[in-house]
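Undergrad: Provided below for reference: sequence and predicted model.
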Amino acid sequence: MMSIANTEQKPACTTGGLGNYLWSDPPKENKWADCVHCGLCLEACPTYEQLGQEQHSPRGRVHLIKSVAEGNLFVNEAFADPVFQCLDCRACTTACPASVDVGGLIEEARGQVRQAMALKGWKAMTSKFFLETLFPHHDRLHAAGSLLKFYQKSGMQKLVRKTGLINIMPEHLVEMESIMPEIKTPVRKKYKQEQVIKAKGVTKRQVSILSGCIMDVMFSDINEATINVLTRNGNDVTIPKNQTCCGALHVHAGDREMGRKLAKQNIEAFKDSEKVIVNAAGCGCMLKEYPELFHDDPEWQEKAKEFSAKVEDISKFLYDTGYAPPKAELNTRITYHDACHLAHGQGIREEPRDLLLHIPGVEMVHMPNADRCCGSAGIYNLTNPEMAGAILESKMANVPEDVEMISMGNPGCMLQMAVGVQKYGRNQRIVHTVQLLDWAYQKEEEQGSGQDGEK
Amino acid sequence: MGKNKVKTSDIHILNLAKLIFGPQAILYKKEDLLAYDCDGFTIERHLPRAVVFPTNTEEVSKIVKYCAENHLPFLARGAGTGLSGGAIPLNNEIIISLVRMKRLLEVDLENRFAVVEPGFVNLKLTNSISDKGYYYAPDPSSQYACTIGGNVAENAGGAHCLKYGVTTNHILGLEVVLPNGDIIEIGRNGIPDSPGYDLLGLLTGSEGTLGIVTKITVRILKNPEAKQTVLAYFDNIEDGSQAVSDIISSGIVPAALEMMDKTAIEGVEAAAFPVGHPKDIEAVLLIEVDGIAAGIDDQIELILAVCRRRNVREVKVARDEAERGRWWANRKTGFGAMGAISPDYLVQDGVIPRSKLPEVLARIHKISEESGLRIANIFHAGDGNLHPLVLFDSRIPGETEKAIQAGSACLKVCADVGGSITGEHGVGIEKKEEMRFVFNEEEIKAQTDIRNVFNPDCLLNAGKLFPTPGRCAEVKRELASKS
């Protein structure tokens, strides 16, 4: 049998883990024990498709994660590379006959890597700035949003672009800057004075929404559309004040401790809510997986389970509770992209398509490999721009030529696909599913035919 | 994704890196090699010396020449889904991964053939031509991921090989890099038969011991006009087995005739693609007929009648393509599904005369009881190709060895009733000793003599396929003394 890297020293301080996992909350043995190495996941994996190398495949990664526990590999740079090249897109979980939780294993392994090796240099700075200084604090995010708004409105954006000042940025950031959505007022600010945003007409249910961190700054119009669609369908909406960033980006980056901190804050913030409605697939998936963060803390795991049971994606919530299909026609040809954390992460595929198909005048064109990752993967497009770019290229090749819009249910994908549209000279508009629905309702109201009719 | 930055004192790695292009075209650090220490057969694990990723035939040829000149053992690998260990580097080989050679080079619908590179994934061929009404028939259960190059090496079968034949019946031409680096072509332009010895037949199923296939011309077929699929549940295995025999002897040639036993059903129902098989039945049959539309209904009627005569508990015809798809996904992911009920499994691949099915299943059941290990059976019942899946936990000391013994005992049973030790998975490492169940020393020597014509120094995939490596062992000793 093989044995590797025996020459390396074990760190002096250990908490007694599993094999060469020396820190708390290691990858769980029962998760990799499900994998029988059959390889049916290989073709589902975007990084394997690009590189053709098995350490960058789901099966290979699981094998390496297991090897550390068996003492054949150490938690070091060589282990970190395949573990962090993973997009965490969960396509392998869909493909796997034994439903191996590869995503969960990857996140736990990243937790070990981060505890073993602190990030250094600019990566550490960027990571710390976004994940610790910015995202968990909505006041700072709003301030940053205001700055971006100033950047756009004051003419500075034009100046920067014209003078070529923009060229000092790395290419992928230039691409990002060019598709930055227009910054509007966050819903948390807008509805600050209102305890409850009342349903239009009879109240049938009370729901709360996760306003999100970046979502509310960069995409407050989607939050606005979400509120409109919910109130239009008989839901009183609250935006609990103490809620914070869901922690998905932290957990993806291996900072499980921060993930737990944010999870606890959210669990408390939504304590009195009956339903927690989410319009960002990545956040929704994270909220549903909070119990995974508390394997060593039964009390909080119980609370997390109760909380997770209340979480639902906006498209599934509307589909399940019944909603009034809009009567106004939108007359547009669209296609639909499955966000990984909606399709693979939460198994939600048909519901958003159903919402879209029930908007009169919407014609849906099938996108081949619609559930293939676009390369956004949280902030993967910032941390692994080259791989993300290659994956985006194959994604864009699948976007049908003759559609006007690409609809989806996740803000990260929206930014990435907007980069794709710009970079490959396409002309599609990128929209959130709930925005299309909201536009149809608005048109219906303008046409004065706003009589309710349950689906 | 980086370029080829190679930092090592191993002169051969440095030289090989110069022969190939592309990002990360060579892996040589131990940590990077770990994912290549086994394939779908996980019981033996060995690290390769390096893995190289050529993108064309010339690169493969250069690598092979270099290995031959410098006496470096080497072998070819596709997706690594093989179940007999054919791609495991027993001798610290240089692995030549062919997954970056994955282009569909040509499709000739008029003459019904396609040309692919070896790393092209099996299912992608059908997906690429299905809109035009064509498909590629061999459908191993791993077809979502396995490569056609690997299919050629193992002469892969699949559920639909009952009617359409295994890989070798669909290969029209091969481009091969011989173990000395020469590039040869066998068969051309999709012409089915060539004069002289059937070298295509020899190469197909040679388990990567005679050469490395770099281009493959395969037969493609027109989609059948009609297709019907039946699911039948039986309360005892004898009735199920007898129904299989009756269907075949009634004159019907089903496109597929699959069977799963109770333990297998438990596995697939606990896994990702359950279809609601009753938990208390002893056997399920999945039967598919295809062909011209006229007559399909009659065949289905006949099959239903046979099942009823054999005391079927419930039998149903797939209502639509979606239901048919669910039934097949449930069956085709059956091996991997065992992960849901067992940490490890070892799959065997015996072939028996159909009439012996009840007897063999009873004997396998006995092996299971004696070893204390559960054995699930998933098999291509129509052509008597059994897949006993021995379930075990490698973390329990001694259990792996017990599983190997139980697997071998299953093969012995197959050989004893007049069958064979492999139907489609190949011999590889796993079954090389069991070759003695079906061949005597002379017969084995006759075959290794053929190998030595192609592979005289035994540098290519040594230690596979045959017991008593003979000359290969000498070569290995010689190599060991040099390094």
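TA: Yep, that arrived.
Undergrad: give me phi/psi at A:Phe129?
TA: When read as degrees, to the nearest 10, the backbone of A:Phe129 gives phi -60, psi -50.
Undergrad: Determine the number of other residues adjacent to it.
TA: Neighbour count for A:Phe129, taken as other C-beta atoms under 10 Å in any protein chain shown: 11. Placement of C-beta: from N, CA and C, glycine included.
Undergrad: What of B:Glu323?
TA: Neighbours of B:Glu323 using other C-beta under 10 Å come to 15.
Undergrad: any idea how far B:His170 is from it?
TA: 28 Å (C-beta to C-beta, to the nearest Å).
Undergrad: can you check A:Asn228 too?
TA: According to C-beta to C-beta, A:Asn228 stands 58 Å off from B:His170.
Undergrad: quick one: the residue of the stretch 101-250 of chain B found nearest chain A from B:Thr333, how far?
TA: At 4.4 Å from chain A, B:Ala145 is the closest residue in the stretch 101-250 of chain B, using C-beta to the nearest C-beta. When C-beta to C-beta is the yardstick, B:Ala145 and B:Thr333 sit 11 Å from each other.
Undergrad: How about A:Cys213?
TA: Separation of A:Cys213 from B:Thr333 (C-beta to C-beta): 38 Å.
Undergrad: same check, this time on B:Leu16
TA: Taken as C-beta to C-beta, the span from B:Leu16 to B:Thr333 is 37 Å.
Undergrad: circling back: how about the contacts made by the residue lying closest to the residue of the stretch 101-250 of chain B closest to chain A once chain neighbours are set aside?
TA: Excluding the flanking residues, the one nearest B:Ala145 by C-beta to C-beta, 6 or more residues apart in numbering or on different chains is A:Leu42, at 4.4 Å. Listed by C-beta atoms under 8 Å, 6 or more residues apart in numbering or on different chains, the contact set of A:Leu42 reads A:Tyr48, A:Glu54, A:Ser57, A:Pro58, A:Arg59, B:Ala79, B:Thr81, B:Ala145.
Undergrad: now those as CSV including secondary structure and distance to B:Lys432?
TA: Converted to CSV, those look like this (DSSP: H, G, I helix; E, B strand; the rest coil; distance: C-beta to C-beta, whole Å):
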residue, secondary structure, distance to B:Lys432
A:Tyr48, helix, 30
A:Glu54, helix, 24
A:Ser57, coil, 28
A:Pro58, helix, 30
A:Arg59, helix, 25
B:Ala79, coil, 22
B:Thr81, coil, 20
B:Ala145, coil, 25
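Undergrad: What is the nearest of those residues to A:Ala91?
TA: Nearest to A:Ala91 among the contacts of A:Leu42, counting by C-beta to C-beta, is A:Pro58 at 8.3 Å.
Undergrad: Not including adjacent chain positions, what is the nearest residue to that closest one?
TA: A:Cys92 (3.5 Å).
Undergrad: Test my guess that that neighbour contacts A:Thr47.
TA: No. A:Cys92 is beyond contact range of A:Thr47, at 10.4 Å (criterion: C-beta atoms under 8 Å).
Undergrad: Report how many residues lie close to the residue nearest to A:Pro58.
TA: Counted with other C-beta under 10 Å, A:Cys92 comes out at 27.
Undergrad: Could you name the specific helix or strand carrying it?
TA: A:Cys92 is part of helix A:91-95, with elements assigned from DSSP states H and E.
Undergrad: pLDDT (mean, whole number) over stretch B:428-444?
TA: Averaged over stretch B:428-444, pLDDT sits at 93.
Undergrad: tell me which residues of it are tucked away?
TA: B:428-439, B:444 (16 or more other C-beta atoms under 10 Å in any protein chain shown).
Undergrad: could those be laid out in JSON lines, adding distance to B:Glu225 and secondary structure?
TA: Shown next, in JSON lines, are these (distance: C-beta to C-beta, whole Å; DSSP: H, G, I helix; E, B strand; the rest coil):
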{"residue": "B:Gly428", "distance to B:Glu225": "39", "secondary structure": "coil"}
{"residue": "B:Ile429", "distance to B:Glu225": "43", "secondary structure": "coil"}
{"residue": "B:Glu430", "distance to B:Glu225": "40", "secondary structure": "coil"}
{"residue": "B:Lys431", "distance to B:Glu225": "40", "secondary structure": "coil"}
{"residue": "B:Lys432", "distance to B:Glu225": "44", "secondary structure": "coil"}
{"residue": "B:Glu433", "distance to B:Glu225": "47", "secondary structure": "helix"}
{"residue": "B:Glu434", "distance to B:Glu225": "42", "secondary structure": "helix"}
{"residue": "B:Met435", "distance to B:Glu225": "42", "secondary structure": "helix"}
{"residue": "B:Arg436", "distance to B:Glu225": "47", "secondary structure": "helix"}
{"residue": "B:Phe437", "distance to B:Glu225": "43", "secondary structure": "helix"}
{"residue": "B:Val438", "distance to B:Glu225": "40", "secondary structure": "coil"}
{"residue": "B:Phe439", "distance to B:Glu225": "43", "secondary structure": "coil"}
{"residue": "B:Ile444", "distance to B:Glu225": "46", "secondary structure": "helix"}
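Undergrad: got the CA coordinates for stretch A:391-401 in PDB?
TA: The C-alpha coordinates for stretch A:391-401 follow below in PDB (Å, rounded to 0.1, in the frame of the first residue of the first chain):
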ATOM      1  CA  ILE A 391     -16.200  27.000 -17.700                       C
ATOM      2  CA  LEU A 392     -18.100  30.200 -18.600                       C
ATOM      3  CA  GLU A 393     -17.000  29.700 -22.200                       C
ATOM      4  CA  SER A 394     -18.500  26.300 -22.500                       C
ATOM      5  CA  LYS A 395     -21.600  27.500 -20.700                       C
ATOM      6  CA  MET A 396     -22.100  30.400 -23.200                       C
ATOM      7  CA  ALA A 397     -21.700  28.000 -26.100                       C
ATOM      8  CA  ASN A 398     -24.900  26.300 -24.800                       C
ATOM      9  CA  VAL A 399     -27.000  29.500 -24.700                       C
ATOM     10  CA  PRO A 400     -29.400  29.400 -27.600                       C
ATOM     11  CA  GLU A 401     -28.800  32.100 -30.200                       C
END
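Undergrad: can I see the domain layout of chain B?
TA: Chain B is divided into the following domains under automatic domain parsing: B:11-97, B:104-222, B:224-341, B:342-429, B:439-482.
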